[in-house]
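In: Provided below for reference: sequence and predicted model.
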Amino acid sequence: MPIISRFQAIDDKDKTRAVRQLVEDSTADFDYFLMLILSVLMATFGLLAGSETIVIGAMLLAPLLAPVMGLALGTSMSHYSLIYRSLSTIGYSIVLSVGAAILGAFLFSVSNLSGGINEVILSRTEPSLLYFIVAIISGFAVAYTSVRPNLSSTLPGIAVAVALIPPLAVFGVGIAMFSPPIVAGSAVMFLINVAGIVFAGMVTYSLMDVHHKRFIAESTIKREKERIEEETEKIKEIVEESASSQS
């Protein structure tokens, strides 16, 4: 089919760059978690303030889309190390995001928590088939854009459509408000978005035939691991020097 052939005809260098970039962006390092927590806090305050503008800004800031797409890429490659790595990052991201949202909700003030359920929050607790379809379209767009450098300017718009951070922020707000319906609704919303994105990304990467790029993913994972180890050693040295200078 002509359409499938177009996917397979994508330049091999672009596929290599996309795989390498995706693995790097989904690395669970200090930068990743810092941006994640900042985006969740921003989304939490935006939700409680009833400001869609702030929530949209938080979506643009969030790095969570990278490990979700990494899961799609790993699945399409049958690359178990990448799958485990992505699932691990997503798991830690969920825990930290919910924790940051709970903290942010309490920081917002107890008075607002008593009557802080607004339309902006409720809109993230009502999952439907429409959201799943949007997630599928977004996953397809992200996967295709990742191998098309000339389309990179569209990523911010896709990030807003994906909306992974707001449901996690609402989840934390629901816990802070002791509201099971909000917690359940936001959890389902998040899972629907992740499932749609991973499914679409997996299909798209399979059409692109990136399976033979497994070695690129493996070498990048190894290099990123070494980079984190080097940074950790450097931090230890700085701490030790600081401690010795103070003693």
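Out: Cool, got the structure.

In: what mean pLDDT does the helix ranked longest in the chain have?
Out: Within the chain, and with DSSP state H defining each element, the longest helix by residue count is helix 214-246. Throughout helix 214-246, pLDDT has a mean value of 88.

In: which neighbouring elements make contact with it?
Out: Helices and strands touching helix 214-246, by 3 or more C-beta pairs under 8 Å, 6 or more residues apart in numbering; DSSP states H and E, are helix 12-25, helix 65-77, helix 80-108. (Glycine included, C-beta is placed from N, CA and C.)

In: cutoff 10 Å now
Out: For helix 214-246, the contact count by 3 or more C-beta pairs under 10 Å, 6 or more residues apart in numbering; DSSP states H and E identifies helix 12-25, helix 30-49, helix 65-77, helix 80-108 as packing neighbours.

In: contacts for the following helix or strand past the second one?
Out: Beyond helix 30-49 in the direction of the C-terminus, DSSP states H and E gives the next helix or strand as helix 52-61. With C-beta atoms under 10 Å, 6 or more residues apart in numbering as the test, helix 52-61 has contacts from 35-36, 38-49, 51, 65, 119-121, 123-124, 155-157, 159-166, 169-170.

In: what do you get for stretch 3-13?
Out: Outside stretch 3-13, the residues within contact range by C-beta under 10 Å, 6+ apart are 1, 17-18, 143-144, 147-149, 204-210, 212-213.

In: residues touching the residue most central in space within the chain, list them.
Out: Closest residue to the average C-alpha location of the chain: Leu64 at 1.3 Å, with C-alpha atoms, centre = their mean. For Leu64, the residues meeting the contact criterion (C-beta under 10 Å, 6+ apart) are 26, 32, 35-36, 39-40, 89-90, 93-94, 97, 159, 162, 164-165, 168, 190, 194.

In: let's see that with 8 Å instead.
Out: Taking C-beta atoms under 8 Å, 6 or more residues apart in numbering, we find Leu64 in contact with Leu36, Ser39, Ile90, Ser93, Ser97, Leu164, Ile165, Leu168.

In: the last one: neighbour count?
Out: Translated: Leu168. By other C-beta atoms under 10 Å, the residues close to Leu168 number 29.
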